[in-house]
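In: Based on what follows, work out the 3D shape:
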Amino acid sequence: MLTTLKNNGFEITGDPHNADVILAHSGGCYMVPHNVAAKRIIMVGLTYWPGKSITRTFAKKIWDDLTHHRSERAARFWAHKTRWNLTYFWNMPRNFAMLNALRAGDFWQLTRVTVVRNHQDHFCTPDLTCLPFAHKPRLVELPGQHDDLWLHPERYLSVIQ
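Out: The predicted structure is shown next:
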């Protein structure tokens, strides 16, 4: 994704307070500071699906990813991505920070938000109208799975631009 952004003229910064556009993915959407001045905040695969078990969902995601990537002959990509997903999943300090941010709910107050949901996303509710944002976000649906952002970054350029 970073290479695609750079190749399309975007400058990358790790400081959300100096960004014109913030691109957040999955549980990282909870970590967007509430006082940023970004012109747009894009949340891809917001991890929010009331009533769904996160551990069962994670197991199903891994299985469905394996099936999907095997059919595309991308098993090596699947193994690499799953290793990173497991690393993130077991990063307890980060998980607790995301959980605390979810409980605080500051990100629901953000303005200029675009929520992107992939059609086969196991973590983001398909009923995007139930997302409790104080300011109605722009909603975009794209093909792919939860981590499609990393496999097909070119699909997201039109949302970012």
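In: any idea which residue sits dead centre in this protein?
Out: When the chain is reduced to its mean C-alpha position, the closest residue under CA atoms, centre = their mean turns out to be H25, at 2.2 Å.
In: Helix or strand with the lowest mean pLDDT in the chain?
Out: In the chain, the helix or strand scored least confidently by mean pLDDT, DSSP states H and E is helix 75-89, which has a mean of 75.
In: Report the angle between the following helix or strand past that one and helix 75-89.
Out: Note on helix 75-89: by DSSP states H and E, the next helix or strand toward the C-terminus is helix 92-104. Helix 92-104 and helix 75-89 are oriented at 70 degrees to each other (axes from the mean of the first three to the mean of the last three CA atoms, to 10 degrees).
In: May I have the next helix or strand after helix 92-104 exported as CSV, CA atoms only?
Out: Downstream of helix 92-104, the first helix or strand assigned by DSSP H and E is strand 113-120. Once side chains and other backbone atoms are set aside, the C-alpha atoms of strand 113-120 remain, and they are given as CSV (Å, rounded to 0.1, in the frame of the first residue of the first chain):
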residue,chain,number,x,y,z
VAL,A,113,-14.9,10.3,7.8
THR,A,114,-15.2,7.8,5.0
VAL,A,115,-15.9,4.2,6.0
VAL,A,116,-14.8,1.5,3.5
ARG,A,117,-16.3,-2.0,3.9
ASN,A,118,-15.1,-4.9,1.8
HIS,A,119,-17.9,-7.3,0.7
GLN,A,120,-16.4,-10.3,2.5
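In: what comes into contact with strand 113-120?
Out: Taking CB atoms under 8 Å, 6 or more residues apart in numbering as the criterion, the residues outside strand 113-120 that touch it are 40-46, 64, 68, 124-126, 128, 131, 133, 135, 137-146, 148, 156, 159. Just so you know, the C-beta spots here come from the backbone N, C-alpha and C atoms, and that holds for glycine as well.
In: Could you do stretch 124-131 as well?
Out: Under the criterion CB under 8 Å, 6+ apart, residues 45-50, 115, 117-118, 137, 139, 141, 146 lie in contact with stretch 124-131.
In: now swap in stretch 154-161 and tell me
Out: 1, 4-5, 8, 10, 21, 23, 42, 44, 114, 116, 140, 142-144, 148-149.
In: how about 10 Å then?
Out: Residues outside stretch 154-161 that contact it (CB atoms under 10 Å, 6 or more residues apart in numbering): 1, 4-5, 7-10, 21, 23, 40, 42, 44, 114, 116, 118, 138, 140, 142-144, 148-149, 153.
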